[in-house]
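> coordinates for the following, if possible.
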Amino acid sequence: MKEFKSGYVSIVGETNAGKSTLLNGLMGEKLAIVSPKVQTTRNNIKGIYTDENKQIIFIDTPGIHKVNSKLSSVMIDSAITSIKDANIVLFVVAGNKKSLSVFDYNVLKKLKEAKEKNKNLHIIGIINKIDRIKKEIIIEKIKELNDELEFDYIIPVSAMLREGISDILKRIEELLPNGPKYYSEDEYTDQTVREMCEEIIRGKALKLLNQEIPHGLYVEIESFKEAKTKKGEDIVNIETVIYTKKSTHKGIIVGKNGEMLKRIGSYARADIERMLEKKVNLQIWVKVRKNWLDNDLFLNRFKKKWVKK
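Residues are numbered from 1 along each chain as shown. You can find the predicted model right below:
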């Protein structure tokens, strides 16, 4: 009888590397359609993949856009913390990026150190977005990664097109240790409902705004209350703030006559209603916090969400 395998897989990469799309591809549609259950863990578990042979507990880390703020330091610390708890690390880079970034080199350095301390740590390099580059560029990217670190595997993928996803799952199963089933088969995430809703809202903003500003967005739900309509139907009233660092960005997010904000809210509300299986009254405000990337109050909130002890 084949022994069951289980373990933790940390996903590390920049914001534009496509980590969220990759995770969605690895998890299939489960995260999008299943109501979350709250677990108390050391890490921010974004996905729990279970089949008859294995259980993969994906530890996601916040992506990073710039490296010249306090937030970047918090993000790198979070990424490194997740590496310490992992059996396998997926190091994700965007194939259409010209070269490795300062963040990439920082993480690669930490991966080398982690590998020296833990010989059982496995590292898989993921070159994402290969649908946007030529084959010869893929070969160059593989060489670039191999020059920096000895990977167990380097896998070119297109998370958006789901190309290479099965290969990643196959290699993860190969490298995982034998272990128990830590979570039941109907558990898929440890995120709270609020956190899931915040990510949905931010995700819609990322998708609809074709500027660089989403990387400077912070979404926070200020009020989440269940109630009844006059007809006695269940409804959830959600009040949310999107924080951005520039007043010009606020104008772009709101849009002409508020049209862009309405679109973000409409798409987000539909997804949240599908997840909660209830009507949702979603109200979104946009506020400017000029230096929130270096604001200790915001960073403390960020740490509580991402760096769980």
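> poorly predicted segments of this structure, please.
Low-confidence segments of the chain, defined by pLDDT under 70, span residues 1, 15, 29-46, 62-79, 210-216, 291-309.
> which stretches in it count as helices?
When assigned using DSSP state H, the helices of the chain occupy the ranges 19-27, 30-33, 70-84, 102-117, 135-148, 165-175, 193-208, 247-254, 259-276, 296-306.
> which residues does stretch 127-136 contact?
Taking contacts as CB atoms under 8 Å, 6 or more residues apart in numbering, the residues outside stretch 127-136 that touch it are 13, 17-18, 21-22, 92-96, 138, 141-142, 145, 154-161, 163-164. C-beta here means a position set from N, CA and C on the backbone, and glycine is covered the same way.
> any of those residues buried? List them.
Neighbour counting by 16 or more other CB atoms under 10 Å classes 13, 17-18, 21-22, 92-96, 141-142, 145, 154-159, 164 among the contacts of stretch 127-136 as buried.
> got a list of what Tyr8 touches?
For Tyr8, the residues meeting the contact criterion (CB under 8 Å, 6+ apart) are 43, 57, 59, 85-88.
> could you flag which of those residues are buried?
Members of these that pass the buried threshold by neighbour count (16+ other CB under 10 Å) are listed as 43, 57, 59, 86-88.
> so which of those residues belong to strands?
57, 59, 88 (DSSP state E).
> from the residues you listed, which is closest to Glu185?
Ranking these by separation from Glu185, with CB to CB as the measure, puts Ile57 on top at 13.2 Å.
> any idea how far Lys225 is from the residue lying closest to Pro180 once chain neighbours are set aside?
When the adjacent residues along the chain are set aside, Pro180 lies closest to Ser6, with 6.1 Å between them (CB to CB, 6 or more residues apart in numbering). When CB to CB, to the nearest Å is the yardstick, Ser6 and Lys225 sit 38 Å from each other.
> neighbour count winner among these two?
Summary of the neighbour comparison: Ser6 and Lys225, criterion other CB atoms under 10 Å, with Ser6 having more neighbours (20 against 10).
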